[in-house]
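K.L.:
Make a model of this:
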Amino acid sequence: MIELIKGDITKIEVDAIVNAANTSLLGGGGVDGAIHKAGGEAILEDCQKIRRKQGGCKVGEAVITTAGKLPAKFVIHTVGPAWNNGKSNEENLLSLAYFNSLKLALNNKVNSISFPNISTGIYKFPKEKAAKIAIQTVTSFLATTDKIEKVIFVCFDEENYKIYDELLKK
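P.N.:
Below you'll find the model as predicted:
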């Protein structure tokens, strides 16, 4: 049910790829930039429609678009929190980012979904803490449904991969 891969999330064949987006939904650096680049204009066009309708995406929330040229049906864009030494409800907001992505997946009949390491790049969320929250939130959610058959955590770097590998073995 839960898998771990070290690699490039834009190459993973799943129903939905989760993007660690920013509130503007207009693409950025890291995984966000890579997904927009690999998926092409169709993703940005969908994001612009969402912006016109609701003005972006708040931290902890999620929205869904086409996957464009990616090997998936959808991209679920979620905004993780920037780390502020745990003083701004970051742990709860990160959990909500995973939870709301899964809820959106369920509502769109997604059977398989891949997640990057949300908030651990430029948002500087401590990697081990972020991994624990991700695994706990996903595991709890999966216990409530049999509709999502596979969740893949895709780690771009060796450090995150080792952290997830250790936590998932427990």
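
K.L.:
can you map out the strands along this protein?
P.N.:
All strands of the chain, identified by DSSP state E, fall at 2-6, 16-20, 62-66, 74-78, 112-115, 150-155.

K.L.:
and the third one, which residues are buried?
P.N.:
Put plainly, it is strand 62-66. Buried residues in strand 62-66, counted by 16 or more other C-beta atoms under 10 Å: 62, 63, 64, 65, 66. C-betas here are computed from N, CA, C, even on glycine.

K.L.:
do the same with the first one
P.N.:
Going by neighbour count (16+ other C-beta under 10 Å), the buried part of strand 2-6 is residue 4.

K.L.:
Thought residue 23 was touching residue 59, still the case?
P.N.:
Yes. Here residue 59 reaches residue 23: they are 6.8 Å apart, a contact under C-beta atoms under 8 Å.

K.L.:
now for the longest helix seen in the chain, which elements pack on it?
P.N.:
For the chain, the longest helix by residue count, based on DSSP state H, is helix 90-107. Judged by 3 or more C-beta pairs under 8 Å, 6 or more residues apart in numbering; DSSP states H and E, helix 90-107 is in contact with strand 62-66, strand 74-78, strand 112-115, helix 127-142.

K.L.:
try 6 Å
P.N.:
Counting contacts by 3 or more C-beta pairs under 6 Å, 6 or more residues apart in numbering; DSSP states H and E, helix 90-107 packs against strand 62-66, strand 74-78, helix 127-142.

K.L.:
can I get those in JSON lines with mean pLDDT?
P.N.:
Below are the helices and strands packed on helix 90-107 laid out as JSON lines (pLDDT from 0 to 100):
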{"stretch": "strand 62-66", "mean pLDDT": "98"}
{"stretch": "strand 74-78", "mean pLDDT": "98"}
{"stretch": "helix 127-142", "mean pLDDT": "98"}
